[in-house]
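In: please work out how this folds:
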Amino acid sequence: MRGLFIALEGPDGSGKSTIIKLIGNYLKDKGIEFVMTREPGGTLIGEEIRHIILDKKNINMGAETEALLYAASRGQHIHEKILPSLESGKIVLCDRFVLSSLAYQGVGRNLGIEEVKSINDFAIKGVYPDLILFFHVDPEITLERKTQNGGDRLEEEGNDFHRTVYEGYMELLKMYPKNIKIIDATKSIEEVLRESIKEVEDLLTKKRE
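Out: Model prediction:
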């Protein structure tokens, strides 16, 4: 049986990285096979691309280059890790997927949602998450915490950029509601995890049926 693909999305500092580990612990305790991964990255090639994208010295990177690099990393991720894991019946937990590119490059970089979607459609070969957990929180609150000791190239773009990205996410949630569940990330970690686990359990139940 094919596995399940779960992506976690949201503004920088929304708690995705913390919650994905806790969901992983939950699945491990249940004896469910899973793979935990991230974007950009997830593979040796993808992690090298990630370094190029997020390196603060690459200040002259064009928006189109940035979008294509994300799509390239994603294509390798699908080919080398995500698709093989799904075909072997495992659950794939992924920190970010296409929705992030549509928000950050499509809207934040003003490249256009459809334009960014087209290059990612080519990269992902029809593979789409069975569940997207979107962590809803004001980015200005989370960014201050995330960048107080210095952030990566995108995290340090400033409040205006991240506000635009946030507004992009709000637009995208209406445009592409398929399989998206909104989680209130302003709540405590315990409450956020409880809501997230409920959505994962609902998905597992549907698969069993």
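In: for Ser17, what are its contacts?
Out: For Ser17, the contacting residues are Arg38, Asp95, taking C-beta atoms under 8 Å, 6 or more residues apart in numbering as the criterion. The way it works is simple: take the backbone N, C-alpha and C, and place the C-beta from them, glycine included.
In: can you name the element that comes right after the worst-scoring helix or strand of the chain on mean pLDDT?
Out: When each helix and strand of the chain is scored by mean pLDDT, DSSP states H and E, helix 139-146 comes last, with a mean of 65. Beyond helix 139-146 in the direction of the C-terminus, DSSP states H and E gives the next helix or strand as helix 159-175.
In: buried stuff in that following helix?
Out: For helix 159-175, a neighbour-count test (16 or more other C-beta atoms under 10 Å) marks Phe161, His162, Arg163, Thr164, Val165, Tyr166, Gly168, Tyr169, Leu172, Leu173 as buried.
In: can I get those residues in CSV including distance to Phe97 and pLDDT?
Out: As requested, the buried residues of helix 159-175 are exported to CSV (distance: C-beta to C-beta, whole Å; pLDDT from 0 to 100):
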residue, distance to Phe97, pLDDT
Phe161, 20, 85
His162, 19, 83
Arg163, 22, 87
Thr164, 20, 91
Val165, 15, 92
Tyr166, 18, 91
Gly168, 15, 95
Tyr169, 13, 96
Leu172, 12, 97
Leu173, 14, 96
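In: greatest separation within these: which pair is it?
Out: Maximum pairwise distance in the buried residues of helix 159-175, criterion C-beta to C-beta, is 19.2 Å, between Phe161 and Leu173.
In: can you give me the helices for this protein?
Out: In the chain, the segments counted as helices under DSSP state H are 16-29, 44-54, 63-77, 83-87, 98-101, 113-124, 139-146, 159-175, 189-208.
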